[in-house]
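>>> sequence and predicted structure below; questions after.
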Amino acid sequence: MRVLALQSGTSADGIDVAIVDVQAETNVPEPWLTLRCVLARTVPWPPALRERILAAALNSPVTAEEICQLDTLLGQEFAAAARSALDSLGGTVDLVVSHGQTVHHWVSDGRARGTLQLGEASWIAEATRAPVLRNLRAADIAAGGEGAPFMGVFDAAWLGECAAASGRPQATLNLGGIANLSVVDPDGSVRAWDTGPANALVDAVVFRATDGATAFDDGGQLAAAGTIDAGLLREFLGHAFFERSAPKSTGRETFGLAMVDAVTGSTPPLLADLVATLTRLTAETIVASLRAECPVLPERVIVSGGGVHNATLLALLRSLLQADAITLVASDTVGIEAGVKESLLFALLGFLTWHGVPCTLPGTTPGQARLAGQLVFGPDPVVFAPRLTGIRGLTVVGSAIVPVGASLAGARVPS
């Protein structure tokens, strides 16, 4: 099965596009899967449209007209990115999975109540002539779950055999706008939760301070040049989200400029000092959350996402984790290029739904797992796949075309 995955993360850097071949063992109700990414690229948002996305995501007042326009314009951009990817390979796909662009994740009284991703999928279905799976998170929230993070679904399949063989938990960390952890235990169970900000706060303060000329701390250079403000750090650490137990989820509506301004007041520190402090906040809250939620700490944390390019953040994480004898490992070294892992995840979710397999997130109420997403159909006839009862695990193997970075390599049990 060939799946085209589309998504734009909370940092709204651009549209991540990937085409993934998913091969399943035949004639078994719970097959082992092999995933091969054959194309991966990131298509930047037009600058003016990105500003509108961020304004909506940061809770600026918007009209129904603006939401309608954004939904349509984003859908058209997703469609164009998908069509371009298909043209590059000269082929078709069986399914498109479009996560869309999150502009709000509604959390109240300690649980998710709703979530909104924009990017009308009908434009994508017309452009690709393929069915499109959209609105992936809503069913889990309606059934009492958090609708996030999804990465635990992928990690349970990818690392379950490795955790069983080693007898130690295996953990992964995704550093997008928001940071989330997954921990796979030797018995195959998985926990996954958002820990708080990864790049979201740093991106926001840098973007504002430079009037949009710079959207992030390139390589962590600003953080490295600044001095951590211990008093401000204590105030940031006092945020109520950090006190909540997993499962929990969050987004830019919680960790944005309003949160920063509420702490810094009318006399914020120098930009480099603020960035250094927020970078330390990210590192400390990730490690503190891992310690709080894991009775047995993992032997390693496999990190992916855009934050892997922030050398200062990774150095802080590595130092804090070493105190607990935990090794920080880049996902590139164990088979998955850091910028492609989320696309592989969405391809997997598409395969599961297409084959009738409910998606159990770590926060899903027992017995309440639901099929992820809603289907939008293109102009061509659709033939649904035979139903499976589940999958046993997955392997990621080398890619033929990966323009976004280093070529992929993989093994059945990452080591």
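Yes, it's here.
>>> only C-alpha atoms from now on, for both contacts and neighbour counts.
Noted.
>>> contact partners of whichever helix or strand Ala192 is part of?
Using DSSP states H and E, Ala192 sits in strand 190-197. With Cα atoms under 8 Å, 6 or more residues apart in numbering as the contact definition, strand 190-197 has outside contacts at 148-152, 155-156, 177-184, 241-242, 246-251, 255, 282, 285-286, 289, 361-363.
>>> one more: stretch 235-253?
Stretch 235-253 has contacts (Cα under 8 Å, 6+ apart) with 10, 57-59, 104-105, 107, 110-112, 146, 148-149, 177-178, 191-197, 200, 263, 281, 285, 289, 293, 362-363.
>>> tell me the centre residue of the chain?
Glu342 (5.5 Å; Cα atoms, centre = their mean).
>>> nearest spatial neighbour of it, skipping sequence neighbours?
When the adjacent residues along the chain are set aside, Glu342 lies closest to Met151, with 7.6 Å between them (Cα to Cα, 6 or more residues apart in numbering).
>>> touching, the one you found and Ser182? I think so.
Yes: the criterion here is Cα atoms under 8 Å, and Met151 meets it with Ser182 at 6.8 Å.
>>> who's more crowded, those two?
Ser182 (28 against 24; other Cα atoms under 10 Å).
>>> partners of whichever strand or helix holds the more buried one in the sheet?
Using DSSP H and E, the element containing Ser182 is strand 178-184. Each strand paired with strand 178-184, and its direction, by DSSP bridges: strand 170-175 (antiparallel), strand 190-197 (antiparallel).
>>> distance to Ile326, mean pLDDT and mean neighbour count added to these, as TSV?
Putting these into TSV (distance: least, Cα to Cα, whole Å; pLDDT from 0 to 100; neighbours: other Cα atoms under 10 Å) gives the following:
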stretch	distance to Ile326	mean pLDDT	mean neighbour count
strand 170-175	10	96	26
strand 190-197	18	94	26
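>>> quick one on the thing from earlier: of the contacts of stretch 235-253, buried ones?
In terms of neighbour count (16 or more other Cα atoms under 10 Å), the buried residues within the contacts of stretch 235-253 are 10, 57-58, 104-105, 107, 111-112, 146, 148-149, 177-178, 191-197, 200, 281, 285, 289, 293, 362-363.
>>> CA atoms only: put the strand holding Ala192 into PDB for me.
The C-alpha trace of strand 190-197 is given here as PDB (Å, rounded to 0.1, in the frame of the first residue of the first chain):
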ATOM      1  CA  VAL A 190       3.100   2.400  26.000                       C
ATOM      2  CA  ARG A 191       2.700   5.700  27.700                       C
ATOM      3  CA  ALA A 192       2.800   9.000  25.700                       C
ATOM      4  CA  TRP A 193       2.100  12.600  26.700                       C
ATOM      5  CA  ASP A 194       3.000  16.200  26.000                       C
ATOM      6  CA  THR A 195       5.500  17.600  28.400                       C
ATOM      7  CA  GLY A 196       5.100  21.300  27.400                       C
ATOM      8  CA  PRO A 197       7.000  23.600  25.000                       C
END
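>>> could you identify the helix or strand that succeeds that strand?
Heading C-terminal from strand 190-197, the first helix or strand you meet, by DSSP H and E, is helix 200-209.
>>> where in this protein is the helix or strand with the lowest mean pLDDT?
One helix or strand of the chain scores below all others by mean pLDDT, DSSP states H and E: helix 47-57, with a mean of 91.
>>> quick one: that helix to helix 200-209, angle?
Orientation check (axes from the mean of the first three to the mean of the last three Cα atoms, to 10 degrees): helix 47-57 against helix 200-209 gives 130 degrees.
>>> what helices or strands is helix 47-57 leaning on?
Other elements packing on helix 47-57 under the criterion 3 or more Cα pairs under 8 Å, 6 or more residues apart in numbering; DSSP states H and E are strand 95-108.
>>> now with 10 Å, please.
Counting by 3 or more Cα pairs under 10 Å, 6 or more residues apart in numbering; DSSP states H and E, the packing neighbours recorded for helix 47-57 are helix 64-89, strand 95-108.
>>> what comes up buried for it?
Within helix 47-57, the residues that qualify as buried by neighbour count (16+ other Cα under 10 Å) are Arg50, Arg52, Ile53, Leu54, Ala56, Ala57.
>>> tabulate these (TSV), appending distance to Glu77.
As requested, the buried residues of helix 47-57 are exported to TSV (distance: Cα to Cα, whole Å):
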residue	distance to Glu77
Arg50	11
Arg52	14
Ile53	13
Leu54	16
Ala56	17
Ala57	18
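>>> which of the residues you listed lies closest to Ala139?
Comparing the buried residues of helix 47-57 against Ala139 with Cα to Cα picks out Ala57 as the nearest, at 21.6 Å.
>>> so the closest one makes contact with Gly256?
Yes: Ala57 is within contact range of Gly256, at 9.1 Å (criterion: Cα atoms under 10 Å).
>>> neighbours around Val28, how many?
12.
>>> now do the strands for this protein: every range, in order, please.
Defined through DSSP state E, the strands belonging to the chain, from first to last, are 2-8, 14-24, 32-44, 95-108, 111-118, 132-134, 170-175, 178-184, 190-197, 300-304, 327-330, 374-376, 393-397.
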